[in-house]
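Engineer: What would the 3D arrangement of this be:
(chains A, B, C, D and E)
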Amino acid sequence: MNPPLPPVPLTLEGAAILHQMMRVKWSRWRELSAAAQSEVASEAAHRLGDGTCSAAYALLGHKADLMLVHFRRDFEELAQAQMGISRLALSDYLEPASSYLSVIELGLYESTSKTYQALAEKGVEPHSEAWDAGIEEVLRRQREAMAPRLVPAIPPTRYLCFYPMDRKRGEQKNWYTQPMDERARMMHEHGLVGRRYAGKVRQIISGSIGLDDWEWGVDLFADDPLVFKKLIYEMRFDEVSAVYALFGSFFVGLRFAAQDLDEFFSGRIPLWKPPV
Amino acid sequence: MNPPLPPVPLTLEGAAILHQMMRVKWSRWRELSAAAQSEVASEAAHRLGDGTCSAAYALLGHKADLMLVHFRRDFEELAQAQMGISRLALSDYLEPASSYLSVIELGLYESTSKTYQALAEKGVEPHSEAWDAGIEEVLRRQREAMAPRLVPAIPPTRYLCFYPMDRKRGEQKNWYTQPMDERARMMHEHGLVGRRYAGKVRQIISGSIGLDDWEWGVDLFADDPLVFKKLIYEMRFDEVSAVYALFGSFFVGLRFAAQDLDEFFSGRIPLWKPPV
Amino acid sequence: MNPPLPPVPLTLEGAAILHQMMRVKWSRWRELSAAAQSEVASEAAHRLGDGTCSAAYALLGHKADLMLVHFRRDFEELAQAQMGISRLALSDYLEPASSYLSVIELGLYESTSKTYQALAEKGVEPHSEAWDAGIEEVLRRQREAMAPRLVPAIPPTRYLCFYPMDRKRGEQKNWYTQPMDERARMMHEHGLVGRRYAGKVRQIISGSIGLDDWEWGVDLFADDPLVFKKLIYEMRFDEVSAVYALFGSFFVGLRFAAQDLDEFFSGRIPLWKPPV
Amino acid sequence: MNPPLPPVPLTLEGAAILHQMMRVKWSRWRELSAAAQSEVASEAAHRLGDGTCSAAYALLGHKADLMLVHFRRDFEELAQAQMGISRLALSDYLEPASSYLSVIELGLYESTSKTYQALAEKGVEPHSEAWDAGIEEVLRRQREAMAPRLVPAIPPTRYLCFYPMDRKRGEQKNWYTQPMDERARMMHEHGLVGRRYAGKVRQIISGSIGLDDWEWGVDLFADDPLVFKKLIYEMRFDEVSAVYALFGSFFVGLRFAAQDLDEFFSGRIPLWKPPV
Amino acid sequence: MNPPLPPVPLTLEGAAILHQMMRVKWSRWRELSAAAQSEVASEAAHRLGDGTCSAAYALLGHKADLMLVHFRRDFEELAQAQMGISRLALSDYLEPASSYLSVIELGLYESTSKTYQALAEKGVEPHSEAWDAGIEEVLRRQREAMAPRLVPAIPPTRYLCFYPMDRKRGEQKNWYTQPMDERARMMHEHGLVGRRYAGKVRQIISGSIGLDDWEWGVDLFADDPLVFKKLIYEMRFDEVSAVYALFGSFFVGLRFAAQDLDEFFSGRIPLWKPPV
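Structural biologist: You can find the predicted model right below:
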């Protein structure tokens, strides 16, 4: 009998991501003179840059007022970005309310089974040097093909919906004890729903096992926020969501340009003109 | 064999809703002179308007002292409304304690099965262009018929009961894996209970999947608060509630007119004279 | 076949109740002069009245230092009572830690089945006008008979134990899907235990479905606090508690007279002399 | 058929216990002059007395810095002890972080069955007057025999481990629906493990049903803190722990004498010289 | 029939560990002059020493900004280390956010069965004096052989991932009721995954039963933080993790030298040059 194939799906890792949810200390802010406010906002706007790799969102509800999202090449850069925010004069007027640390992940369920099968048929033993080389070759090719999705610019939509999630490990329903083929089938069906929303919503999945308190983070980018409700409601009936998904807190925000930070802090939600 | 019909019930979306629960910083407030208090309250009253789309409630218990409820046409207006509250001088005397973000939702369980069946019998394939057009036609007609319920004024009752809820996705009892017909049957029975309270309570359901941490928000409006207890207790024995409902925190408040904010802040629950 | 009888037990509602648990800001309090302390305490004592419908308890443990319990005729009066506490100078030295909102409830499990059966045997259809009239007649009679238990004075014992509770709605053990007769039987057995403690403890049950985060509040009044432990431990083996009860936080306090508030705030637990 | 025997094990109640976990406001403390610090610490040391019935522990970790444990004859004395701490000048530099209220409990599982059986064989009906008298006679004898364990001095070991616990009431595994004999058997096996640690650890069990949020509090006293880990790990494999135990937070502290409070507050863990 | 063998695996205990997660009060810190900042940081750097037994990490995300990890010979030294941090001038600018108390544990599942079996075959009765002596002899030998792993220096990698965990005690899936052999088998398979990451990650397991709120703490040390995600994701499919593991919060940090504390506090993540 052959040794069992590994249960772990292949994944590609891309940009390191930090979500920072912060409350604004409005009372303290209003004690600043208009000139000082403008200077403080301007320093922060400069730090956030052109919106490619750091973006600002006005959040709805009380969980936080402002969300900053940072995409960086690695955790060193991400740590410096976080520290850079702490150093801003603006940070005296912000209070950290939540955050999420993750790394962009492309799950390769579709090709994992094929790859494992192919290697096994050639008689390559799982976790042998030859096996690892075979896997690495597949990953290398996929990484090249998917490079733009691994280190994307932050999609320039008006609305963002972020939430973390887990796969259930219940006493009877346990994602991690399902056979690879079953998981691949369920992920495939799940993907079909997502595909129906192509053009209306852009989804970026990031992995956070070993990094933060949930297993994945989900960012949905759209210009119509009702799409978040429709997409996630429809997906909730998928087997993989209905039975195996656990959800954390949801954060919904409106994007605005860093250079409009002063407008946000003077009490108006800035309009959003995506860069051309 | 025909492809399976979609499991998702049709819904109509209406006004965007924000509930803001806030604690009053009474000590700090009392440091203001009577003239300053009056000015601050008056600015806030002006902002809240005539009560059609923003309403104020004195809450019972310690979870919060004041609840503001905002109904708006879309999330852009809702975000501006929220920011407008932050800008008030009054907000220096308020501390956000909780909030809820949702959108009015009319669930069309009754007509979903019929519509899906009818399309399927015509040989229309689910999610094809023809299918989507057929669905959109049904929604368009219903949206027109139900327009007043989609963008209502805030009902002018003395009492409001608000709570968020989920449908259970347990290991054995899972709402989202129940067949459409079963769900429709349970929702129908649930509706029969509600109908017995017609005239005593007005219920507004809002959806929050993808928007906030629970799946739905429920607002009950009544002039007799005991009706909340009776209605919800009776419903708790319905199959859909007994087996599948999970509840968040309950907030019960007494409505008062924005122009009576100064009375509220001077330490008396204002009487409520609904507009004629 | 006859239509099924309703699953909801009949209940009578009485006084509206608010429990307020508060931490004392001792450091800030000690900054007051003795004269000012005395004046502040005296204003509060006056507000609390003679102890019939508002009572003060010194709490054990860190959850809160002081608990105020208010019994009022309705929610309007209760809201004014709460606001009245907020207005006190004393409230600058108190911090709300918890609270509970409920209404005295007498569950009529014993007579519900009989009443439903009798109406059904007369051929009266559930929820018809005749049915509602029959039910209302029963409730009217019971309400009269039980009037003193519906709007009681706060029992004048030294000790109070308060906790909220739910009935379990688990995937296998679900109170709300048990037949009425089974529930009535379990409640009856539960009552037998309570009866053995007659004279040692007075129990007031209040309903909070639709009002606060648990389904019921329980107040136990006794002069010997060990009775709380013994009664509740014994009840925990009842089927209805062992299988179906979920408990919130427990608060145990020592009653003192409002006119002794100054003694409490000067750092001594006042003795308790129940009114004669 | 004979009426069923009661399911409740007999217990003896002893001293009332309060655990107070507090954070030290170090920054504020350091603003005091050395002389003032000394005076404040000295007042507190005087209040805590000779360590027989109030003890101080330096806690490890961030949950709290200081734990005070009070053993008192009854809840009146305990409430005065708590209030006495609030009155100290020291309390301006302490912030309550947690607490636990309970009463020393000796569970008499071993003799309960025998007693119930014996009474039943004499034809005494459960809960009759004769039954209650018979039970009271057993309790009186046991209370006498166990008097020193009911109102003990606080054991003078260097280390204390405190945690609260519940017995599980799950949908399938429910301690409270197990027959008395099964529970007695499991408790007996549990006790055998404890006995192997005699001389190394002293265990004091206190009951808190109806008093605080868990059913029991456990205090383990030892001079070697690794014994806590070994004992509790070994017990975790007992049926009663493995299947039926739920645990709250664990607090581990180092005892020091009240007269060394000034040393603790000047930033050194005092040595511990148990009284001879 | 022979008496059953004990279910508890043998373990060796080593260094006592404290993780301290702290938020930096940046606003307050910035009020210090550069000279004062430098002095405060320098005092703290001196206290932390050369990094062998106390290490500093810049944390990613909002849970905390700074994590200090202390390895000490025993709990006395650990308590002094904790108190030493409280005494620093720096502690006025830090706020405790979390912590974890544990002791390095080497689980000897592999040799436990063998040892128990061997003793049983010699007719030695479990927990007899001879049994205890036999066990102690095995532990003594292992303790000697594994001495460097019991009291290690803190591994000098750039990244640390810390999280606490439990073994599940569910109603159907219960680690503690599994036979020793089953547990040993699952732990062995779990170890095989870990071995594939040898050279890339160093794992230190510490036990915290009876010490803190979870059963174990896990520290992973690596220079590439993606290894945390890969290792833990792969392990999640192991039977012992998939079915029996429960996880607490994850903390990921970047190591820097104590002498670079001033750089950290002036708002830059210091580079890390491991000692040679």
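Engineer: does the residue of the stretch 101-250 of chain A found nearest chain D count as helix, strand or coil?
Structural biologist: Distance from chain D to each residue of the stretch 101-250 of chain A (CB to the nearest CB) is smallest for A:Glu171, at 9.8 Å. In this view, the C-beta of every residue, glycine as well, is placed from N, C-alpha and C. The local conformation at A:Glu171, judged by DSSP: H, G, I helix; E, B strand; the rest coil, is coil.
Engineer: Might one say that it is in contact with E:Arg169?
Structural biologist: No. If you go by CB atoms under 8 Å, A:Glu171 and E:Arg169 don't touch, sitting 10.9 Å apart.
Engineer: who's more crowded, these two?
Structural biologist: E:Arg169 (23 against 14; other CB atoms under 10 Å in any protein chain shown).
Engineer: Contact partners for A:Asp166?
Structural biologist: Neighbour list for A:Asp166: A:214-216, A:245-246 [criterion: CB atoms under 8 Å, 6 or more residues apart in numbering or on different chains].
Engineer: which ones are touching A:Glu43?
Structural biologist: With CB under 8 Å, 6+ apart, A:Glu43 has these contacts: A:88-90.
Engineer: and what of A:Pro6?
Structural biologist: A:Pro6 is in contact with A:116, A:126-127, E:234, E:237, counting by CB under 8 Å, 6+ apart.
Engineer: and if we set it to 6 Å?
Structural biologist: Neighbour list for A:Pro6: A:Pro126 [criterion: CB atoms under 6 Å, 6 or more residues apart in numbering or on different chains].
Engineer: Do you have the strands of chain A handy? List them.
Structural biologist: A:11-24, A:54-59, A:66-72, A:94-107, A:159-167, A:201-207, A:216-222, A:245-247, A:251-256 (DSSP state E).
Engineer: Pick the most deeply packed of those.
Structural biologist: With neighbours defined as mean count of other CB atoms under 10 Å in any protein chain shown, these peak in mean count at strand A:251-256, which reaches a mean of 25.
Engineer: So which residues of chain A form helices?
Structural biologist: A:26-30, A:34-48, A:75-87, A:109-121, A:129-145, A:147-150, A:180-196, A:226-235, A:239-244, A:261-265 (DSSP state H).
Engineer: Same list (those helices) but as TSV, adding mean pLDDT.
Structural biologist: Below are those laid out as TSV (pLDDT from 0 to 100):
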stretch	mean pLDDT
helix A:26-30	96
helix A:34-48	97
helix A:75-87	97
helix A:109-121	93
helix A:129-145	96
helix A:147-150	96
helix A:180-196	95
helix A:226-235	98
helix A:239-244	98
helix A:261-265	97
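Engineer: C:Ala35: which of the ones you listed is closest?
Structural biologist: Evaluated with CB to CB, these place helix A:26-30 nearest to C:Ala35, the distance being 33.0 Å.
Engineer: any chance of the helices of chain A in JSON lines, plus distance to E:Leu254?
Structural biologist: Formatted as JSON lines, the helices of chain A follow (distance: least, CB to CB, whole Å):
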{"stretch": "helix A:26-30", "distance to E:Leu254": "30"}
{"stretch": "helix A:34-48", "distance to E:Leu254": "20"}
{"stretch": "helix A:75-87", "distance to E:Leu254": "5"}
{"stretch": "helix A:109-121", "distance to E:Leu254": "32"}
{"stretch": "helix A:129-145", "distance to E:Leu254": "25"}
{"stretch": "helix A:147-150", "distance to E:Leu254": "22"}
{"stretch": "helix A:180-196", "distance to E:Leu254": "33"}
{"stretch": "helix A:226-235", "distance to E:Leu254": "34"}
{"stretch": "helix A:239-244", "distance to E:Leu254": "33"}
{"stretch": "helix A:261-265", "distance to E:Leu254": "28"}
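Engineer: Report the contact partners of A:Asp260.
Structural biologist: A:Pro270.
Engineer: who wins for proximity to C:His19 among the helices of chain A?
Structural biologist: helix A:26-30 (31.4 Å).
Engineer: returning to that earlier point: can you lay out the strands of chain A as a markdown table showing mean pLDDT?
Structural biologist: A markdown table is the format used below for the strands of chain A (pLDDT from 0 to 100):
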| stretch | mean pLDDT |
| --- | --- |
| strand A:11-24 | 98 |
| strand A:54-59 | 98 |
| strand A:66-72 | 98 |
| strand A:94-107 | 98 |
| strand A:159-167 | 98 |
| strand A:201-207 | 98 |
| strand A:216-222 | 98 |
| strand A:245-247 | 98 |
| strand A:251-256 | 98 |
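Engineer: I'd like the ones you listed laid out as CSV, including distance to B:Cys161.
Structural biologist: Shown next, in CSV, are those (distance: least, CB to CB, whole Å):
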stretch, distance to B:Cys161
strand A:11-24, 28
strand A:54-59, 26
strand A:66-72, 31
strand A:94-107, 28
strand A:159-167, 27
strand A:201-207, 34
strand A:216-222, 31
strand A:245-247, 25
strand A:251-256, 25
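Engineer: for those, which one sits closest to B:Pro156?
Structural biologist: That would be strand A:251-256 among the strands of chain A, by CB to CB, at 29.1 Å.
Engineer: That closest one close to chain E?
Structural biologist: No. Residues of strand A:251-256 are not located near chain E by CB under 6 Å from any CB of the partner chain, the shortest gap being 13.1 Å.
Engineer: OK, contacts around the residue of chain A found nearest chain C?
Structural biologist: Relative to chain C, the nearest point of chain A is A:Gln172 (9.8 Å; CB to the nearest CB). A:Gln172 makes contact with B:Glu171, according to CB under 6 Å, 6+ apart.
Engineer: Check what pLDDT it gets.
Structural biologist: On pLDDT, A:Gln172 comes in at 98.
Engineer: what's the distance between A:Met186 and A:Asp219?
Structural biologist: 22 Å (CB to CB, to the nearest Å).
Engineer: now stretch A:143-163: how far from the chain's centre is it?
Structural biologist: 8 Å (CA atoms, centre = their mean, to the nearest Å).
Engineer: ok, now stretch A:242-259?
Structural biologist: On CA atoms, centre = their mean, the centre of stretch A:242-259 falls 9 Å from that of its chain.
Engineer: And stretch A:194-201, by the same measure?
Structural biologist: With CA atoms, centre = their mean, you get 17 Å for stretch A:194-201.
Engineer: cool, and stretch A:34-53?
Structural biologist: 24 Å.
Engineer: what sits against A:Ala258?
Structural biologist: A:45, A:48, A:56.
Engineer: Those residues into a markdown table, with extra columns for distance to B:Pro9?
Structural biologist: Below are these laid out as a markdown table (distance: CB to CB, whole Å):
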| residue | distance to B:Pro9 |
| --- | --- |
| A:Ala45 | 45 |
| A:Leu48 | 42 |
| A:Ala56 | 36 |
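Engineer: Going by distance to C:Ala147, which of those wins?
Structural biologist: Closest to C:Ala147 out of those is A:Ala56 (61.9 Å), distances taken as CB to CB.
Engineer: What is the neighbour count of A:Gly191?
Structural biologist: 14.
Engineer: before we move on, the earlier item: kindly list the main-chain dihedrals of the residue of chain A closest to chain C?
Structural biologist: In terms of degrees, to the nearest 10, the main-chain angles of A:Gln172 are phi -120, psi -30.
Engineer: what's the answer for A:Ser249, then?
Structural biologist: Dihedral angles (degrees, to the nearest 10) for A:Ser249: phi -80, psi 150.
Engineer: what about it, distance to A:Arg255?
Structural biologist: A:Ser249 is 19 Å from A:Arg255, by CB to CB.
Engineer: cool, A:Gln117 as well?
Structural biologist: For A:Gln117 relative to A:Arg255 (CB to CB), the value is 43 Å.
Engineer: hang on, the earlier thing: give me the subset of the contacts of A:Ala258 touching chain D.
Structural biologist: Checked against chain D using CB under 6 Å from any CB, the contacts of A:Ala258 yield no neighbours at all.
Engineer: If we only consider those residues, which is nearest to chain B?
Structural biologist: Relative to chain B, and with distances defined as CB to the nearest CB, the nearest of these is A:Ala56, at 13.5 Å.
Engineer: No more questions from me, cheers.
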